[in-house]
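Asks: no FASTA, just this:
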């Protein structure tokens, strides 16, 4: 089944601010995507690949499930 | 506006323009109708190439979300392309079934319109998916 709404929420915005108010551009460069992708992730418009999710979690020094949560 | 959206917008506009151009260009009485249609198709392909260079889009610079959107748009385009071919073929059959053959101009028109519809659906789907977000498989 296809959907435009991911059932996974994330704490990327919060994590950025908790890590020295990191900008979207800085995070994008660290994980190798464009700023538009970070914007889409934070807006819940895009579900990242497992690789990207791990990269984002590593930037914040967190576990993947601490950054991404399944919405019940 | 992203480069990807700019490229898709221009591709969509060009596809529409060339569909309308062929539809309203009075080629029906010309003995060179088939050749002129093929020339239009060639010009369209060159225009797409120019659009790609003008926008400066490079596949290597696209990230995973861009590639996901382009892949999903390609699925939409394939369905649109198939629908155009199917409907056109059925209509041609219904029109010409008494003769038992289809005019060559209709065959070339099928090539022309189906190819343009591929880009029409593809670029249109890219624009929609950047607005709504890529689909997620549950």
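Replies: That came through fine. Since the structure is predicted, the reported quantities are computational estimates derived from the model, not experimental observations. Numbers count the residues shown, from 1 in each chain, chains lettered A, B, ... in the order given.
Asks: mind checking the SS state of residue A:45?
Replies: Classification of residue A:45 by DSSP: H, G, I helix; E, B strand; the rest coil places it in coil.
Asks: relative to chain B, how far out is it?
Replies: Distance of residue A:45 to chain B, computed by C-beta to the nearest C-beta, to the nearest Å: 3 Å. Every residue, glycine included, has its C-beta placed from N, CA and C.
Asks: over to residue A:71?
Replies: Taking C-beta to the nearest C-beta, one finds residue A:71 at 12 Å from chain B.
Asks: and the helices in chain B?
Replies: B:3-24, B:33-55, B:64-96, B:104-132 (DSSP state H).
Asks: just name the most buried of these.
Replies: Sort the helices of chain B by mean neighbour count, taking mean count of other C-beta atoms under 10 Å in any protein chain shown, and helix B:104-132 sits at the top with a mean of 18.
Asks: check which helices and strands that one sits against.
Replies: For helix B:104-132, the packing partners by 3 or more C-beta pairs under 8 Å, 6 or more residues apart in numbering or on different chains; DSSP states H and E come out as helix B:3-24, helix B:33-55, helix B:64-96.
Asks: still on that earlier bit, can I get the helices of chain B in a markdown table with mean pLDDT?
Replies: As requested, the helices of chain B are arranged in a markdown table below (pLDDT from 0 to 100):
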| stretch | mean pLDDT |
| --- | --- |
| helix B:3-24 | 94 |
| helix B:33-55 | 93 |
| helix B:64-96 | 96 |
| helix B:104-132 | 95 |
